[in-house]
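Engineer: Fold the following, please.
(one chain, ligands or ions: 1)
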Amino acid sequence: MKILILNGPNLNLLGIREPEIYGKMTYAELCRMITAYCDGKNIRCNILQSNHEGELVDMIQAAPGSYDAIIINAAAYTHTSIAIADALRAVDLPAAEVHLTDIDKREEYRRVSYLRDACVGCFYGKGVASYTEAIDFLFKYHSK
Ligand code: DQA
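Structural biologist: Coordinates of the predicted model:
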């Protein structure tokens, strides 16, 4: 199985960015932990990051044929982007939405997710474990 893992704006600044909210783990460390987890399960993954909405749409559109599933942390675009939600619906791949923090327990404007309905599973508030739980979920989903 091969999973495309997409990270949206400002996630490249993990470790520097609001550490009291997102912790001290850097983006490179996050990627290493996800990759090690996938390696241990014999799952192939490709982790990409972009600060640009259209680029994330392009990455989703290019996924069919190369990947079996998508994990997306669209960061702030979660709460604004009908384009990313439409792209997830447009491709015939199961997708899981992840967030490091629990967006349902933060500011009111973060409680809205345009992606939720376009995804087969959502994993919030567990830091890197949000990603590893999404990996396990999509692995089981794919084996069904
Ligand atoms: C985030 C939550 C979003 O609301 C925020 O804009 C982010 C990170 C998270 O992983 O907790 O940039 O997606």
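
Engineer: Now do the contacts for residue 139.
Structural biologist: 1, 41, 43 (CB atoms under 8 Å, 6 or more residues apart in numbering). For every residue, glycine as well, the C-beta is placed using N, CA and C.

Engineer: Most neighbours out of those residues, which is it?
Structural biologist: Using other CB atoms under 10 Å as the neighbour test, those are led by residue 43, with 19 neighbours.

Engineer: which one is that one nearest to, not counting chain neighbours?
Structural biologist: residue 1 (5.2 Å; CB to CB, 6 or more residues apart in numbering).

Engineer: From what I see, the one you found and residue 44 are in contact.
Structural biologist: Yes - in this structure residue 1 lies within contact range of residue 44 using CB atoms under 8 Å: 7.0 Å.

Engineer: residues near residue 25, how many?
Structural biologist: 16.

Engineer: List the contacts of it.
Structural biologist: 14-15, 33, 127-128.

Engineer: What subset of those is buried?
Structural biologist: Burial by neighbour count, judged by 16 or more other CB atoms under 10 Å, picks out 14, 33, 128 from those.
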